[in-house]
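Enquirer: Requesting a structural model of the entry that follows:
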Amino acid sequence: MTSPATRSEAATTAASVDVVLPCLNEAEALPWVLDRIPSPWRALVVDNGSTDGSPELAHNLGATVVHESRRGFGAACHAGLTAATADIVCFCDCDASLDPSLLVPFVREVEQGESDLVLGRRRPQGRGAWPAHARAGNLALARMTRRRTGLRLHDLGPLRAGRREQLLGLGLTDRRSGYPLQMVVRAADSGWRVVEHDVPYLPRTGDSKVTGTWRGTWQAVRDMSRVLAEPPVSRDGAANGSIAVPPGGTSL
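Expert: Residues are numbered from 1 along each chain as shown. Reported below is the predicted structural model:
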């Protein structure tokens with residue numbers, strides 16, 4: 001349950017906030033996740049073809065449900081971003097591995113103009129929270145991202161916050177596992193201030209659709225490698241026809 005302190009902190013933010021929750025058969029985890037969305041923020045559960053009653057459960061629990069028929073993590077995330085109307089948009093996995101109430105200081109940092117994109121650096125809690133193959137793949141990608149962007153990041157985790165109009169202005173095109181990375185890469189190309197903060201990473205509920213197996217991890221690495229191979233997007237949005245909305249500062 002979201003603590004009274006967290007609810008109080010969230011209520012002090014002047015900006016409106018939507019939390020995008022990509023969902024594929026997460027009925028078991030949904031009650032825990034939605035109970036931790038700070039009030040008065042809005043939960044946008046983006047159903048990506050669930051067969052376990054997830055969208056109905058999410059609706060009954062008070063979330064706004066968005067349906068995205070095209071399979072893919074990026075497809076679900078972007079459907080949530082385009083459906084959002086709040087000033088600030090957050091992203092969080094829907095498998096109970098990350099507590100969305102931890103987004104409160106992320107939102108405050110964006111709202112106060114201290115950062116343009118705030119990421120959660122996952123710190124595994126307990127056995128099995130982060131399988132060795134998934135952690136190894138993430139470490140390799142973080143290093144590649146550092147070389148590509150110059151950002152001193154250690155993780156490409158899904159817990160993050162940024163301003164909606166700026167995020168839309170990045171012109172994100174990946175609709176698979178490369179979506180979170182493309183957001184970071186294009187933000188760096190556009191001169192955004194990108195920071196990360198440690199967050200506890202819990203054992204997920206159910207099986208991972210992306211990194212639960214070596215095969216899934218390899219596919220994610222391939223998707224992200226394609227993103228890293230893209231030509232840099234200039235600050236005037238010349239590459240890929242995108243138009244980047246100028247942020248409030250420069251990259252790290």
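Enquirer: show me where pLDDT drops low in the stretch 151-252 of the chain?
Expert: By pLDDT under 70, the low-scoring segments of the stretch 151-252 of the chain are 206-218, 234-252.
Enquirer: Quick one: the helices in it, in order.
Expert: 164-169, 179-189, 214-228 (DSSP state H, counting those that start in this stretch).
Enquirer: now those helices in a markdown table, with mean neighbour count and distance to Phe91?
Expert: Every C-beta, even on glycine, is put in place using the N, C-alpha and C of the backbone. Output for the helices of the stretch 151-252 of the chain, formatted as a markdown table (neighbours: other Cβ atoms under 10 Å; distance: least, Cβ to Cβ, whole Å):
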| stretch | mean neighbour count | distance to Phe91 |
| --- | --- | --- |
| helix 164-169 | 18 | 9 |
| helix 179-189 | 25 | 8 |
| helix 214-228 | 17 | 16 |
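Enquirer: I'd like these as a markdown table, with distance to Gly126 appended.
Expert: As requested, the helices of the stretch 151-252 of the chain are arranged in a markdown table below (distance: least, Cβ to Cβ, whole Å):
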| stretch | distance to Gly126 |
| --- | --- |
| helix 164-169 | 32 |
| helix 179-189 | 23 |
| helix 214-228 | 20 |
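Enquirer: For Cys94, which of those is the nearest?
Expert: helix 179-189 (14.3 Å; Cβ to Cβ).
Enquirer: How far off centre is that closest one?
Expert: 11 Å (Cα atoms, centre = their mean, to the nearest Å).
Enquirer: next one: stretch 111-131
Expert: 10 Å.
Enquirer: and of the helices of the stretch 151-252 of the chain, who's closest to Asp93?
Expert: Smallest distance to Asp93 across the helices of the stretch 151-252 of the chain (Cβ to Cβ): 10.4 Å, for helix 179-189.
Enquirer: counting contacts, what elements does that closest one pack onto?
Expert: Contacts defined by 3 or more Cβ pairs under 8 Å, 6 or more residues apart in numbering; DSSP states H and E place helix 179-189 against helix 73-83, strand 117-124, helix 132-149, strand 160-163, strand 194-201, helix 214-228.
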